[in-house]
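Engineer: need coordinates for the below:
(one chain, ligands or ions: 1)
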Amino acid sequence: MSTKKKKNILIYKPVYKDEFPPLGLMKISTWHKQQSDDVQYLENILFSKEKDEFEKKHTCYCPFKEHYDIIYITSLFTYYSKEVVQSANYFRKRYPKAEIKIGGIAATLVPDYFKENTGIEPFKGLMMDGPEFCSPDYSLFPHLRHSISFTTRGCPRSCSFCSVSLHEPEFILKEDWEKDIDITKNSIVFWDNNWFASPNLEKDVQKLIAFQKVGISQIDFNQGLDCRLFDEEKAKLISKLKINPMRFAFDDYSEDGHIQKAIQLAQQYGFREIDVYVLYNSNFSWDDPEYFYYRINEINKAGGLSYPMRYRPINSTNGQFLSPKWDKELLRALKLSLMFFYSKGMISKKKESFEEIYGKSPTQFKKKLYDIFEKDKEKSKRKSS
Ligand code: SF4
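Structural biologist: All right, here's what the predicted structure looks like:
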């Protein structure tokens, strides 16, 4: 009889900001625990030579074990790639015998960058050999108040500015997504890219109604729903669900006309909070400050709340991308203004509040931003003198 040797596994999330826990690592954790391996989760550790020297000289607490068989490092946005590389190189040096695996979205989008900077061939895409089919290990995040799942992977569209078709090239239905749901948590966040394109929509709604009966009080499709696929039939169907907020996107011309109708239809069927992602600073011909203003104004007129999202090229490890149709001043001021108004909860659907923040026209919008930029510059000057 052969007894399988227990493996020591480290799953690690490098230092970068993310409002959600690393789902891929949570699934890997379940996968290894099912094989009776020892799994340790660590995150956000700042590595430095000084710390290493200190650790060698002093008796101090260190979360790392002496030995690992496999170390998994996740990655997210490409502009956080340096942090991933730094972690991988640290672990390579500290644990030369461990197998180090780099995976996640950035690893899939810029694999050559990771190979060149760590010598490790990253894992691309989803781990279809096991972990992808596991439920997330919620014990790693005991304070998490929501379950996370996907009813589908991928998206049937392939918008040029979006990375989904690269890291999830096939549109896959996850028939058994309910196994991901922990019913002691009162909400579910779905990370679907395009739930409305799913032929299982009706089945999913029935399952969600059943979850609502046992206490799920909020459902969020946080990547947004496709306004081009939203019609009266779907509105009626999902009106039984406690989807809050209802999220759409208005990124380009293909959504114009559909988004206004979608917002109105959603309101008609009882959805009060409607957030709309709005891409800006992209290098596409249609994206300039005037068109950005047009989109947020249309959203405001229809009764939604815009949620601007700054574009960064999907294969760039440099987060400083500047579109030729925007300028540094406008981007800086828009960031400041969004940070200020959103953090103070001052963004509201009211027309007056919208005009107060963004102005009554594209010209006023730009003027307001340049004023904010100048004021900020003055403030920084005063601080430094
Ligand atoms: S519809 Fe959304 S998820 Fe699908 S490719 Fe376009 S931007 Fe990406």
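
Engineer: mind listing the strands for this structure?
Structural biologist: 8-13, 38-43, 70-75, 99-104, 146-149, 152-153, 172-173, 187-190, 218-221, 246-249, 274-280, 305-310 (DSSP state E).

Engineer: elements contacting the last one?
Structural biologist: Which is strand 305-310. Counting contacts by 3 or more Cβ pairs under 8 Å, 6 or more residues apart in numbering; DSSP states H and E, strand 305-310 is packed against strand 274-280, helix 289-302, helix 328-343. From N, CA and C alone the C-beta is placed, and that goes for glycine too.

Engineer: pull out the buried positions in the last one.
Structural biologist: Residues of helix 328-343 classed as buried by neighbour count (16 or more other Cβ atoms under 10 Å): 329, 330, 331, 333, 334, 337, 338, 341.

Engineer: next: the second one.
Structural biologist: Neighbour counts over helix 289-302 (16+ other Cβ under 10 Å) mark 289, 291, 292, 293, 295, 296, 297, 298, 299, 300, 302 as buried.

Engineer: in the stretch 101-250 of the chain, where is pLDDT below threshold?
Structural biologist: Judged against pLDDT under 70, the stretch 101-250 of the chain has no low-scoring part.

Engineer: the domain parsing of this protein - what is it?
Structural biologist: 8-118, 138-376 (automatic domain parsing).

Engineer: out of these, which comes closest to the ligand?
Structural biologist: domain 138-376 (3.1 Å; Cβ to the nearest ligand atom).

Engineer: can you tell if the closest one touches the ligand?
Structural biologist: Yes: in terms of Cβ under 6 Å from any ligand atom, part of domain 138-376 sits within range of the ligand, namely 155, 157, 158, 159, 162, 164, 193, 194, 226.

Engineer: wait, isn't the first one in contact with residue 196?
Structural biologist: In other words, residue 155. No: at 10.4 Å, residue 155 does not count as touching residue 196 under the criterion of Cβ atoms under 8 Å.

Engineer: more neighbours: those two, which one.
Structural biologist: Each of residue 155 and residue 196 has its neighbours counted (other Cβ atoms under 10 Å); residue 155 has more, 21 against 18.

Engineer: next one: phi and psi at the more buried one?
Structural biologist: Backbone geometry at residue 155, expressed as degrees, to the nearest 10, gives phi -160, psi 140.

Engineer: deepest of the strands of the chain, which one?
Structural biologist: strand 70-75 (a mean of 25; mean count of other Cβ atoms under 10 Å).

Engineer: now residue 28: closest residue in space, sequence neighbours ignored.
Structural biologist: Of all residues not flanking residue 28 in the chain, residue 131 sits nearest, at 4.7 Å (Cβ to Cβ, 6 or more residues apart in numbering).

Engineer: tell me how many other residues crowd residue 354.
Structural biologist: 20.

Engineer: so where do the helices sit in the chain?
Structural biologist: 23-34, 49-57, 81-94, 105-109, 111-118, 164-167, 201-213, 232-238, 258-268, 289-302, 328-343, 351-358, 362-384 (DSSP state H).

Engineer: hey, which of these is tucked in deepest?
Structural biologist: helix 105-109 (a mean of 24).

Engineer: whether that helix contacts the ligand - can you check?
Structural biologist: No: contact of helix 105-109 with the ligand (Cβ under 6 Å from any ligand atom) is absent, the minimum separation being 12.8 Å.

Engineer: residues in contact with that helix?
Structural biologist: 75-78, 80-81, 84, 114, 122-125, 163, 166-167, 314-315, 317 (Cβ atoms under 8 Å, 6 or more residues apart in numbering).

Engineer: just the C-alpha atoms of that helix, please, in CSV.
Structural biologist: Output of helix 105-109 as CSV, limited to C-alpha atoms (Å, rounded to 0.1, in the frame of the first residue of the first chain):
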residue,chain,number,x,y,z
ILE,A,105,-4.6,37.3,-14.8
ALA,A,106,-1.3,39.2,-15.3
ALA,A,107,0.6,36.0,-15.6
THR,A,108,-1.7,35.0,-18.5
LEU,A,109,-1.5,38.4,-20.2
